[in-house]
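Student: model this:
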Amino acid sequence: MSEKLHKKALQLSYFTVIYNIVEGILSIFVGVSTGGISLVGFGLDSFIESLSGSILIWKFTKSGHISNSHTDKTEQKAIRLISYTFFILGSYVLYESIIKLVEQKPPSQGVFGIIIAIISIIVMIGLYRNKINLGMKNHIRSLVADSKQTLACIWMSITMLIGLGLNYFFHIWWSDAVAGVIISMFLFKEGYNTYKEKKLCSC
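Tutor: Residues are numbered from 1 along each chain as shown. Prediction:
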């Protein structure tokens, strides 16, 4: 595969990691300072998203090229590791959602959470489109798998935006937690599908 394609794939992965680290640090800092549980959770989600991007950087750097081979062991390992991040993220979201419902803790009310959710949705949609297009067009299976993680981040942002919005404007305290449970099921499903893809490709 061409050097230009390899460079573009690396650039997408580097941007994913850098953006999510910055987003995660800001979200956790403000969340801890204001006692905003949703912002802290969203910040941790950003770090997990950066993990997925880091796996792709490791994969492309280690390989030195982008392979289309269905027997590429490095590619299979990258896809397997990406599938694990779905389970990690899904478990965390489900745990936090249940805790919120049991303790009846509403998401933090504040403009910052709403703004960062909107920015994240816009940025991640652009990233997702670039990753899925590049991955599908050039048959880069690990990049397609990583695009699903980016899609999960989009849904997380939408969930936080809806939860914070409903609570902020209508004082529906449980909206964020219920949406979180639904999204956690989506994450588990995507994690399973990604891991199943890895198994099928290794046959």
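Student: for burial, what's the neighbour tally of residue 118?
Tutor: Using other C-beta atoms under 10 Å, residue 118 has 13 other residues around it. For glycine as for every other residue, the C-beta is placed from the backbone atoms N, C-alpha and C.
Student: low pLDDT regions in the protein?
Tutor: Filtered on pLDDT under 70, the chain yields the residue ranges 1-2, 34-37, 52, 59-60, 62-72, 74-75, 107-109, 197-203.
Student: now with 50?
Tutor: Scanning the chain for pLDDT under 50 picks out 67-71, 200-203.
Student: that one: helices as residue ranges?
Tutor: 3-34, 37-63, 73-103, 111-138, 141-170, 175-201 (DSSP state H).
Student: from the contact counts, what lies against the first one?
Tutor: To tie it back to what came earlier, the one meant is helix 3-34. helix 37-63, helix 111-138, helix 141-170 (3 or more C-beta pairs under 8 Å, 6 or more residues apart in numbering; DSSP states H and E).
Student: list the buried residues for that helix?
Tutor: 6, 8-10, 12-13, 16-17, 19-21, 23-24, 27-28, 30-31 (16 or more other C-beta atoms under 10 Å).
Student: gap between it and the chain center?
Tutor: Helix 3-34 sits 11 Å away from the centroid of its parent chain (C-alpha atoms, centre = their mean, to the nearest Å).
Student: ok, stretch 54-61 next?
Tutor: Distance, stretch centre to chain centre, for stretch 54-61: 16 Å (C-alpha atoms, centre = their mean).
Student: quick one on the thing from earlier: so which of the helices and strands packed on helix 3-34 comes closest to residue 81?
Tutor: helix 37-63 (5.0 Å; C-beta to C-beta).
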